[in-house]
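Undergrad: Next one to model:
(one chain, ligands or ions: 1)
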Amino acid sequence: MDVYNRLARTIMIPVVDAIRGTHVAAYLEDLEETQWWCAEDIKELQSRRLQGAITHAYDHVAYYRRIMDERGLSPADISCAADLTKLPMLTKALVRANFDELTADNIPKRKLLIARTGGSTGSPLVFYKTGDDWFAHGRARGLLAMQWAGVDVADRVASFPTAFGWPNARERFLAPLSRRFRRAVEFDARDISDETLPSIVQTLRRTRPRAIAAYPSVLALLASYIKDSGQSAPDLHAILTGGEQMFEHQRALVREVFNREPFSRYGSHENSLLGTECDKHSGFHMFAQDLVIEIVDDDAQPVAVGDDGHVLVTNLHARGMPFIRYDTGDIGAWATEPCACGRAMPLLSRLTGRTCDIIYTPSGKRVTGTSVGMSRFALLGVTALQIVQETLDELTARVVIPSDVLPEQVVRVRRGIEDILHRSLGDDMRITVEFVNRIEPTAAGKYVPVVSRVSPDSWLNRVRE
Ligand SMILES: [Zn+2]
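TA: Residues are numbered from 1 along each chain as shown. Have a look, this model is predicted:
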């Protein structure tokens, strides 16, 4: 560990913990130890934390008290992960319909942070988090995942943050400071095009980050630009990715160009990081210390190891708005073999998760769905959204809004959507907003938020004319 990283561990993280009232340092130490525990010990720790989460939900969350009373259950009836099948799944629709009832009655309002999903599932959602869950447990898991890729807490990492913003004034103050200390290099994910890619690559060469973190679609754009322009790739120790499913062709391209196997991570805005690849790259080790992950059939019952099913998450630390058996919308399967790295943290071998196409604009931009900042649609009251690019100049936003929205509000939502899209894509695209009753999932049961029928080659030919 170099001096800078030692400083980060011994001073910077504890100081930020003190300001925020969080325990990142302690949680990271906890994960560093428990990652090597045997499966039984991890299960026992998980059961203990689950009992705490269920008791809290029963005592302080009206929604859970009601559904447990209806089923004649007391907190003692749910003492381990297998007992969770006694409770129903929690869907996004249920969160929207029971927002107040799902909010804990013993957490002061000022401690509840309003959060929203990135919309990569095509269905944006607003919900509450607490700092302990979000900034402490979530961050500790993120730091451990970095360690697995050989990246320490204060190592320089280049990233492409999306338009999220920070929940309150303290975070708006802390975030830039923390970025400065970590010497972070950030690029605007909304502005990746043939004009900006050369300067992105130059900046990577000049600032020499140890790692780069980006969505698979963004990494693939970067890699294809480097390859097409005949340059050598900037020297990076690790390539970190996540947020969308990484296709095999994207992985192969990134591996070829950067000469590194990318570390794929699996997370969501609702529950932060859920799992990550280790250096064996044989699947996602799931953070069973902090979460119960279930893979279930349509009736919310566990499927056999190796079979595909819905990925459900129970967050053992989410106290502000507990998510118990939350349906991520992803499809996954448990690995049939343990990982060669020796860690017993459960291994997800397959994930048919969120996929994202790229929107090609007439002005020469390539924009990924995630960089449109799909979460902003949630604030307009949109419950599901799909962007379909039919031709280079035409795009349709198919939008679902609640049926009780008044006509004058519909006009406002339409303008809001057009505004968000024009801001990310430019004014030279014709945008049609179409209100629909539902958005059909794909055959695999997934919502695809961005569909582009424009071929990259025809786009390239036209913008180079
Ligand atoms: Zn492993």
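Undergrad: Skipping adjacent residues, who's closest to whichever residue of the stretch 1-150 of the chain sits closest to the ion in space?
TA: Taking CB to the ion, the ion has its nearest neighbour within the stretch 1-150 of the chain at W148, 8.2 Å off. (Each C-beta comes from the backbone N, C-alpha and C, glycine too.) Nearest non-adjacent residue to W148, counting by CB to CB, 6 or more residues apart in numbering: C278, 5.2 Å away.
Undergrad: which residues does the one you found contact?
TA: 148, 285, 339, 341, 343 (CB atoms under 8 Å, 6 or more residues apart in numbering).
Undergrad: let's go with 6 Å and repeat that
TA: 148, 285, 341 (CB atoms under 6 Å, 6 or more residues apart in numbering).
Undergrad: now the helices for this structure?
TA: 3-7, 13-20, 24-34, 39-60, 62-70, 92-97, 131, 138-148, 169-181, 197-207, 216-228, 248-258, 407-425, 456-464 (DSSP state H).
Undergrad: Let me have those helices in CSV, adding mean pLDDT and mean neighbour count as columns.
TA: Output for the helices of the chain, formatted as CSV (pLDDT from 0 to 100; neighbours: other CB atoms under 10 Å):
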stretch, mean pLDDT, mean neighbour count
helix 3-7, 88, 14
helix 13-20, 88, 16
helix 24-34, 96, 18
helix 39-60, 98, 17
helix 62-70, 98, 16
helix 92-97, 91, 16
helix 131, 85, 20
helix 138-148, 96, 22
helix 169-181, 74, 13
helix 197-207, 94, 15
helix 216-228, 85, 21
helix 248-258, 87, 16
helix 407-425, 90, 15
helix 456-464, 69, 13
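Undergrad: Enumerate the residues of the chain near the ion.
TA: Contact residues, the chain versus the ion (CB under 5 Å from the ion): 278, 280, 339, 341, 343.
Undergrad: what two of the residues you listed are the furthest from one another?
TA: Spanning the widest gap among those are K280 and R343, at 9.3 Å by CB to CB.
Undergrad: Relative to Y225, which of the contacts of C278 is nearest.
TA: Using CB to CB, the contacts of C278 come closest to Y225 at W148, 27.9 Å.
Undergrad: before we move on, the earlier item: could you export the helices of the chain to CSV, including columns for distance to D393?
TA: Shown next, in CSV, are these (distance: least, CB to CB, whole Å):
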stretch, distance to D393
helix 3-7, 49
helix 13-20, 47
helix 24-34, 48
helix 39-60, 50
helix 62-70, 46
helix 92-97, 33
helix 131, 45
helix 138-148, 40
helix 169-181, 37
helix 197-207, 23
helix 216-228, 21
helix 248-258, 27
helix 407-425, 11
helix 456-464, 10
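Undergrad: so which of these gets nearest K111?
TA: The nearest among those, by CB to CB, is helix 131 at 7.0 Å.
Undergrad: Which residues outside the closest one are in contact with it?
TA: 20, 22.
Undergrad: Please shift the residue numbers so they start at 138 in all later answers.
TA: Okay, residue one is now 138; in that scheme the one you just asked about reads as helix 268.
Undergrad: How about the stretch 488-602 of the chain: which residue is closest to the ion?
TA: The nearest approach of the stretch 488-602 of the chain to the ion comes at L488, 15.3 Å away (CB to the ion).
Undergrad: so what's Q368 closest to, chain neighbours aside?
TA: V338 (6.8 Å).
Undergrad: do you know how far D427 is from E207?
TA: 28 Å (CB to CB, to the nearest Å).
Undergrad: typed the wrong thing, it's M423
TA: For M423, the distance to E207 - CB to CB - is 30 Å.
Undergrad: and K417 and R480? which has more neighbours close in?
TA: Neighbour count, other CB atoms under 10 Å: between K417 and R480, R480 has more, with 19 against 15.
Undergrad: Let me know the pLDDT of the more buried one.
TA: Looking at R480, its pLDDT is 98.
Undergrad: which ones are touching it?
TA: Per CB under 6 Å, 6+ apart, neighbours of R480: 172, 422.
Undergrad: Ramachandran coordinates for it?
TA: When quoted as degrees, to the nearest 10, the phi and psi of R480 stand at phi -80, psi 140.
Undergrad: If you check the stretch 288-437 of the chain against the ion, which residue is the closest one?
TA: C415 (3.3 Å).
Undergrad: got a list of contacts for stretch 434-453?
TA: 186-187, 190, 226, 408, 427-429, 431-433, 460-465, 467-471, 473.
Undergrad: for stretch 236-245, that is, sorry about that
TA: Everything outside stretch 236-245 that qualifies as a contact, by CB under 6 Å, 6+ apart, is 197-200, 265, 456-458.
Undergrad: quick one: terminal-to-terminal distance for that stretch?
TA: Stretch 236-245 has an end-to-end distance of 16 Å (criterion: CA to CA, to the nearest Å).
Undergrad: Quick check: buried residues in it?
TA: 239-241, 244 (16 or more other CB atoms under 10 Å).
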